[in-house]
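**Q** Provided below are the primary sequence and the corresponding predicted coordinates.
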Amino acid sequence: MQNNGSVVEATSLSEVRSRIAHKVVGRERETDLLLAAVAAGRDLMLEGPPGTSKSTLLGAITSEWDIPLVFVEGNADLTPSRLVGHHNPARVLKEDYTANNFVEGPLIEAMRTGGFLYIEEFNRAPEDTLNTLLTAMAERVITVPRVGSVTALPTFRIVASMNPYDNIGTTRLSTSVHDRMCRLVITYQDAAAEREIVTRRTGVMSARVVADAVAVTRATRQRDDIRQGSSVRGAIDVALMVAQLAQMRGVQLPAADSVEPPRGLPEEYTAVVLDAMLVALSGRIHLDDTAFETPEAVLHQIWQDHFILLPAAAEPG
């Protein structure tokens with residue numbers, strides 16, 4: 001990245017894009033758009049559910065550019081002083097307020113080092129904290145009382161993320177915040193990409209186990225009685241749990257390469273998958289307010305659909 005922070009050599013950007021593609025599965029378009037935005041010097045809002053590779057993409061980009069990724073969790077405790085920094089109370093009593101006893105917050109750290117300030121759950125932070133970012137976004141300079149002005153290095157960016165499905169304990173973002181940020185919507189990857197992710201992250205060699213874990217996890221996103229389903233992290237845990245339970249119980253894992261609906265699998269194996277689902281997914285699904293069943297009951301229905309109803313429907317005749 002050049003010193004002005006807004007122009008990157010086309011060949012360099014293409015090389016970075018190519019290297020990131022080897023690290024992140026199924027995010028070619030999102031990689032292009034994210035890289036273009038930050039290379040152009042823009043701050044960015046990433047909008048999408050958890051587990052959709054937002055932090056993975058940012059980590060890959062900052063690693064390629066050899067700049068820090070400063071992580072902040074947005075919540076009610078993220079006050080302006082926590083974001084910007086504060087004077088050390090013990091040293092203030094001895095020395096009064098000086099620049100030397102100022103403890104930098106993540107915003108100042110990212111500005112001084114030219115890193116990306118990544119604020120997760122952006123819309124959970126208090127409004128006055130978000131307003132603190134406006135000057136940093138617009139001017140790339142922030143003035144700290146008794147410390148002075150801090151000017152950001154050219155590579156400094158503010159990248160925020162938010163979950164569009166979560167409206168509990170969130171703050172409505174002001175027009176001023178939206179006006180200073182580009183926005184990229186990131187959705188779930190397709191089934192093939194999620195199977196590749198689960199294989200890479202778990203090391204489970206049974207294609208059947210990986211396919212089943214991904215299928216039942218994706219099914220949690222398609223039911224009307226589930227307000228928000230599980231991300232691919234749930235599929236990763238299902239596959240890992242299946243492998244461990246099968247080993248403990250002496251159950252042979254199927255090694256079939258097919259990702260089609262399962263047929264004729266041993267009951268011992270499908271029972272292992274059900275137990276793994278109940279542990280890995282029951283805390284990750286959020287039922288609709290009108291649902292009368294428990295998460296465990298809903299997951300049992302998904303298991304039945306996958307292992308009993310769909311294979312039966314796929315039988316010839």
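**A** Received the coordinates, thanks. Just so it is clear, the structure is predicted and the values come from calculations on it, not from any experiment.

**Q** distance of residue 284 from residue 224?
**A** Applying C-beta to C-beta, to the nearest Å, the value for residue 284 to residue 224 is 18 Å. Every residue, glycine included, has its C-beta placed from N, CA and C.

**Q** looking at these two, which is more packed in?
**A** Neighbours were counted for residue 284 and for residue 224 using other C-beta atoms under 10 Å; residue 284 has more, 18 against 8.

**Q** ok, which stretches of the stretch 51-200 of the chain are helices?
**A** 54-65, 80-84, 89-95, 106-113, 127-139, 175-179, 191-202 (DSSP state H, counting those that start in this stretch).

**Q** counting neighbours, what do you get for the closest residue to residue 307 other than its chain neighbours?
**A** Distances taken as C-beta to C-beta, 6 or more residues apart in numbering place residue 270 nearest to residue 307, at 4.8 Å, with adjacent residues excluded. Residue 270: 17 surrounding residues under other C-beta under 10 Å.

**Q** what helix or strand is residue 270 on?
**A** helix 267-281 (DSSP states H and E).

**Q** pLDDT weak spots in the stretch 51-200 of the chain?
**A** Applying pLDDT under 70 to the stretch 51-200 of the chain flags the ranges 92, 97, 165-169.

**Q** the residue nearest to residue 73 when sequence neighbours are not counted and residue 160: what is the separation?
**A** Of all residues not flanking residue 73 in the chain, residue 120 sits nearest, at 5.4 Å (C-beta to C-beta, 6+ apart). Distance, residue 120 to residue 160, using C-beta to C-beta: 8 Å.

**Q** got it, and residue 110?
**A** For residue 110, the distance to residue 160 - C-beta to C-beta - is 12 Å.

**Q** ditto for residue 195
**A** Taking C-beta to C-beta as the measure, residue 195 falls 30 Å from residue 160.

**Q** before we move on, what about residue 74?
**A** Residue 74 is 8 Å from residue 160, by C-beta to C-beta.

**Q** could you name every residue contacting both of those two?
**A** 119-120, 122 (C-beta atoms under 8 Å, 6 or more residues apart in numbering).

**Q** out of the residues you listed, who's nearest residue 174?
**A** Comparing the shared contacts of residue 74 and residue 160 against residue 174 with C-beta to C-beta places residue 122 closest, at 12.0 Å.

**Q** just give me the neighbour total for that closest one.
**A** 26.

**Q** these two touch, right, it and residue 163?
**A** No: Residue 122 is beyond contact range of residue 163, at 9.6 Å (criterion: C-beta atoms under 8 Å).

**Q** A helix includes residue 246, no?
**A** Yes: under DSSP: H, G, I helix; E, B strand; the rest coil, residue 246 falls within a helix.

**Q** the residue lying closest to residue 98 once chain neighbours are set aside and residue 103, how far apart?
**A** Of all residues not flanking residue 98 in the chain, residue 146 sits nearest, at 7.2 Å (C-beta to C-beta, 6+ apart). Going from residue 146 to residue 103 by C-beta to C-beta gives 13 Å.

**Q** cool, and residue 58?
**A** According to C-beta to C-beta, residue 58 and residue 103 sit 25 Å apart.

**Q** just to revisit the earlier point, dump the residue contacts of the residue nearest to residue 73.
**A** Residue 120 sits next to 55, 71-74, 160-161 when contact means C-beta under 8 Å, 6+ apart.

**Q** mind putting these into JSON lines with distance to residue 184 and neighbour count?
**A** Below are those laid out as JSON lines (distance: C-beta to C-beta, whole Å; neighbours: other C-beta atoms under 10 Å):
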{"residue": "55", "distance to residue 184": "14", "neighbour count": "17"}
{"residue": "71", "distance to residue 184": "18", "neighbour count": "15"}
{"residue": "72", "distance to residue 184": "19", "neighbour count": "23"}
{"residue": "73", "distance to residue 184": "20", "neighbour count": "12"}
{"residue": "74", "distance to residue 184": "17", "neighbour count": "22"}
{"residue": "160", "distance to residue 184": "11", "neighbour count": "26"}
{"residue": "161", "distance to residue 184": "10", "neighbour count": "23"}
